[in-house]
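*Asks:* got a sequence here, can you model it:
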Amino acid sequence: MKSNYILHIILCWFACAQLNAQEISIDSIYSLNGKAFKLARDFSFGQALSYSYIAIQHATNNENDQALAYSYSILATTYKRMQYLGKAKNYYEKSLKLYTELGNKRRIVLIYHDLIRMATMQENFREGHNYLKTGYAIAKTTQNVEDILVLDWAKIALLQAEKRYVGVLKFVKEIEQRVKASSNNKNFFTARMNYLEFTKGDAYYYLDDYENAQKFLEKHIANEYVHVNDLASSYRQLAEIYKSKGEIDKEREATLNYHQKLKEKLEKDRASLQEELLANYSLSKDQLKLDVLEEKNYQKSIIVNRFKVVLVIIVLLLIGCIILGTLIVKAIYKKIKSNKLLRIKQNKLEEAKLKAEMTSKTKSNFFSMMSHELRTPLYAVTGITHLLLEENPKPSQQQYLKSLKFSGDHLLSLVNNILQANKLEDNTITIGASTFNLKANIDNIIKSFDLLIKDRENELNIAYDREIPELLVGDSLKISQILINLISNAIKFTKNGIIRLSVEKLDETDDDVQLHFCVQDTGIGIPKEKQEKVFEMFSQNYDAVNEEYQGSGLGLSIVKKLLKLYNSEIHLESKVNVGTTFTFDISFPKATDNVDLNIETSIEDVDFSHLKMLVVDDNKINQMLTKKILSTKQITTDIVASGAEAIEIVRNNHYDLILMDIHMPEMDGYEATKVIRGFNKKVPIIAFTAVSLDDSLPKIVNSGMNDMIIKPFVASQLFTLIQKYMD
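*Replies:* Below is the predicted model of the structure:
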């Protein structure tokens, strides 16, 4: 009850304050504006401004935006007649803003008409066309042809001022259709059509088409509904036309009509204007009154708005106090409940985090195990196949063995891609930095594709820029993986075509060189809609399972992610049945001059027969296979199946090199190497494992091993590595 009593007091106070404002009827405000408009038309500008001043004051006191907007437009019209175009534009814009807020589209169109007329007077044609465009957009929404016609008359004046008379004639035809569709009375219709006749005559006159000009102008002066200024113009133009035709009598008559019938009226208008301008009238004084009124209105609106805001705040505070007590109790209860739920959710999140970490660790262990379990038998498959091919098999067996080798190599590539994709997904791969010969790497890559290129009946061309430094610093393995995947992809999707690999130097500084790589083929191409998806994992160009061009869909995904490690991007251009081009750029540091690089040399003439090696491997097949490979170079080989045996035999014998398997029962290769290094630090020990380099390298280095070779391998790789550690 107490709060209601306070609210009544506040409302009564507000009502009393409103009663203090001076009020006048709306009809009276419009009557004042009507008088102001008429006085301005008769050049009585001082009185017109006074009436506008009163109208604006009353409209403001009544807080009637409709009347205020109309008063602003009348005041703007007065200023326009007085040639104070800046002030006119200011009040037109004030009127337009209010009418826009009120949604009075008819009045908005009329304001745009006046703004267009004023822009035409100032020869600001671009602004005029902008007003015209906006006005037409609003007029079309009213679905009233009269609104469009209002702007049509302004457009005619704008085109005439621009001297675009051909455009005037074309536009008049369009207006005639709208005039005929309007619902005005007959006299109004006749007057409009007569004005259009005058407009056409005027346009033809300025286009020097006197025949048509005479026809339309004579029709214009014969009509009773004519505007005095238009009539004067018609007589003047007809006099010029008659003169050009030598019709002296008609010329004199037209000239006489122009001077006698219109000059007196025009002089009277000028006299009225001159009298008004010479009167003791100070525009700055009346304008000052209007400016003061505007400032008072602005300050008053601020006070009213502030009072309203304060009133609203008080009401809201009263309501808030009533609600607040209830909300506080509910909030306390909800807080207790939410805290309980948060603790439960936090426990679940911690549990989920532990599960995710365990899953990630399990996944990593799984792939590490799979790497070993898959590569170990693959070593046997590819190694035995290689040995059989080296033993001059029967011609009937060669095709089978080549197919077996191809299948084994393909399976190994797939396994490597799957493991590589997993590591890239987990962000566990980093870029290494060692000195390497890029040209030699590319030559080795090309040699590895000889059989596949012949099988697909393709031609592989290499373009290598000779200005590229011989030695670069980077991760040669990652660069090889990128090029192998791109070339393999090109071969797979090209048959009986041409594949081209080019490496070009883009830029070189004292420390770095930037290279541009391009792999291009003439294969089946990639449809435009699938070009973005080919870099996604397991994405395929063709969806059918038995399609000729199927693959794992991992190669391009791996390429994109490896290039990201180099802060580079892969770019693709392709056209179906024409071919595909992949390009990318990489910057490499240049190697220093004193780098000692072991460049790969041919091992065919190297004598390995004096070497004695120890192979430590728990797999019987791998033991047999490795020994067989080493025997092709007459290398003496001892074999043991565990780390403990390896330690014992190394204590009692001299070996030139040890191939040490990593995963073995009882004692693995890491532990065995650490023990051996305790009493023999010179013998080279090479990790002989099926686990990937990224997984094993830290442990290999820490255990004391010298190098590493991953199973399965090409025999030449093993012998090259052995040669590296020969005395």
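*Asks:* run through the stretch 101-250 of the chain and note the low-pLDDT ranges.
*Replies:* 183-185, 224-229 (pLDDT under 70).
*Asks:* who does the closest residue in space to Ala591 that isn't next to it in sequence bridge with?
*Replies:* Nearest residue to Ala591 in three dimensions, chain neighbours excluded: Leu471, at 3.6 Å (Cβ to Cβ, 6 or more residues apart in numbering). (C-beta placed from N, C-alpha, C; glycine too.) On the basis of DSSP bridges, Leu471 is bridged to Asn437.
*Asks:* what's the local residue count around Leu471?
*Replies:* Neighbours of Leu471 under the rule other Cβ atoms under 10 Å: 16.
*Asks:* equivalent analysis for Tyr131, please.
*Replies:* 24.
*Asks:* check which residues of stretch 457-468 are buried.
*Replies:* Across stretch 457-468, burial judged by 16 or more other Cβ atoms under 10 Å covers Asn458, Leu460, Ile468.
*Asks:* model confidence over stretch 65-72, on average?
*Replies:* If you average the pLDDT over stretch 65-72, you get 88.
*Asks:* begin at 52 from here
*Replies:* Done: numbering now begins at 52, and the last item shifts to stretch 116-123.
*Asks:* out of the buried residues of stretch 508-519, who's nearest Gly297?
*Replies:* Ile519 (90.3 Å; Cβ to Cβ).
*Asks:* quick one, phi psi at the spatially closest residue to the closest one that is not a sequence neighbour?
*Replies:* Leaving aside its sequence neighbours, Ile519 sits nearest to Lys556 (Cβ to Cβ, 6+ apart; 5.2 Å). Reported as degrees, to the nearest 10, the phi and psi values for Lys556 are phi -80, psi 120.
*Asks:* same deal with Cys569?
*Replies:* phi -140, psi 130.
*Asks:* check what pLDDT it gets.
*Replies:* For Cys569, the pLDDT comes out at 96.
*Asks:* again with Ser422
*Replies:* What the model reports for Ser422 is a pLDDT of 56.
*Asks:* pretty sure the residue nearest to Ala642 contacts Asn488?
*Replies:* Yes. In this structure Leu522 lies within contact range of Asn488 using Cβ atoms under 8 Å: 6.2 Å.
*Asks:* one step back: what's near enough to touch the residue nearest to Ile519?
*Replies:* Asp516, Glu518, Ile519, Val564, Gln565, Leu566, His567 (Cβ atoms under 8 Å, 6 or more residues apart in numbering).
*Asks:* which SSE is the most far-flung residue of the chain relative to its centre in?
*Replies:* Residue farthest from the centre of the chain, counting by Cα atoms, centre = their mean, is Asp300 at 74.7 Å. For Asp300, the host element (DSSP states H and E) is helix 299-307.
*Asks:* how about that helix, which residues are buried there?
*Replies:* Quick answer for helix 299-307 (16+ other Cβ under 10 Å): Lys301, Glu302, Ala305, Thr306.
*Asks:* ditto for stretch 191-211
*Replies:* So for stretch 191-211, counting by 16+ other Cβ under 10 Å, buried means 195-196, 198-211.
*Asks:* and the spatially most central residue of the chain, how far from Lys611?
*Replies:* Centroid-nearest residue in the chain: Glu583, 15.7 Å away (criterion: Cα atoms, centre = their mean). With distances taken as Cβ to Cβ, to the nearest Å, Glu583 is found 11 Å from Lys611.
*Asks:* likewise for Thr129?
*Replies:* For Thr129 relative to Lys611 (Cβ to Cβ), the value is 72 Å.
*Asks:* compare the two (neighbour count), which wins?
*Replies:* Set Thr129 next to Lys611 and count neighbours by other Cβ under 10 Å: Thr129 wins out with 24 against 20.
*Asks:* separation between that one and Glu442?
*Replies:* Thr129 is 113 Å from Glu442, by Cβ to Cβ.
*Asks:* and Leu209, by the same measure?
*Replies:* Taken as Cβ to Cβ, the span from Leu209 to Glu442 is 98 Å.
*Asks:* same question for Met718.
*Replies:* For Met718 relative to Glu442 (Cβ to Cβ), the value is 36 Å.
*Asks:* which of these two has more neighbours?
*Replies:* Met718 (15 against 9).
*Asks:* quick one: that one is in a helix?
*Replies:* No. Met718 is assigned coil when assessed by DSSP: H, G, I helix; E, B strand; the rest coil, not a helix.
*Asks:* so who does the closest residue to it other than its chain neighbours touch?
*Replies:* Excluding the flanking residues, the one nearest Met718 by Cβ to Cβ, 6+ apart is Gly694, at 3.3 Å. Neighbour list for Gly694: Val667, Met715, Glu717, Met718, Asp719, Gly720, Glu722, Ala723, Val726 [criterion: Cβ under 8 Å, 6+ apart].
*Asks:* what about the last one, how many neighbours?
*Replies:* Neighbour count for Val726, taken as other Cβ under 10 Å: 18.
*Asks:* outside of the helix or strand in which it is found itself, list whatever touches it.
*Replies:* Under the criterion of DSSP H and E, Val726 resides in helix 720-730. Contact with helix 720-730 is made by 667, 694-695, 697-698, 701-702, 709, 711-715, 734, 736, 738-740, 750-751, 754-756, as judged by Cβ under 8 Å, 6+ apart.
*Asks:* okay, and which of those residues map to helices?
*Replies:* Secondary structure from DSSP state H places Gly694, Ala695, Ala697, Ile698, Val701, Arg702, Lys750, Ile751, Ser754 of those in helices.
*Asks:* how much space is there between the fourth one and Thr151?
*Replies:* Using Cβ to Cβ, we find Ile698 at a distance of 95 Å from Thr151.
*Asks:* so these two - more neighbours on which side?
*Replies:* Ile698 (21 against 15).
*Asks:* any idea how far Pro763 is from that one?
*Replies:* To Pro763, Ile698 is 27 Å away according to Cβ to Cβ.
*Asks:* before we move on, what about Leu220?
*Replies:* With Cβ to Cβ as the criterion, Leu220 and Pro763 are 89 Å apart.
*Asks:* for Asp78, same thing?
*Replies:* 103 Å.
*Asks:* okay, the two: which has more neighbours?
*Replies:* Pro763 (24 against 9).
*Asks:* next, the more buried one: phi, psi?
*Replies:* Main-chain torsions, Pro763, degrees, to the nearest 10: phi -80, psi 160.
*Asks:* same thing with Met759?
*Replies:* Taking degrees, to the nearest 10 as the convention, Met759 sits at phi -150, psi 140.
*Asks:* do Asp707 as well
*Replies:* Residue torsions, per degrees, to the nearest 10, at Asp707 are phi -80, psi -20.
*Asks:* and it, how far from Gln211?
*Replies:* 106 Å.
*Asks:* who does the residue nearest to Ile519 form a beta bridge with?
*Replies:* Residues in beta-bridge contact with Lys556 (DSSP bridges): Leu566.
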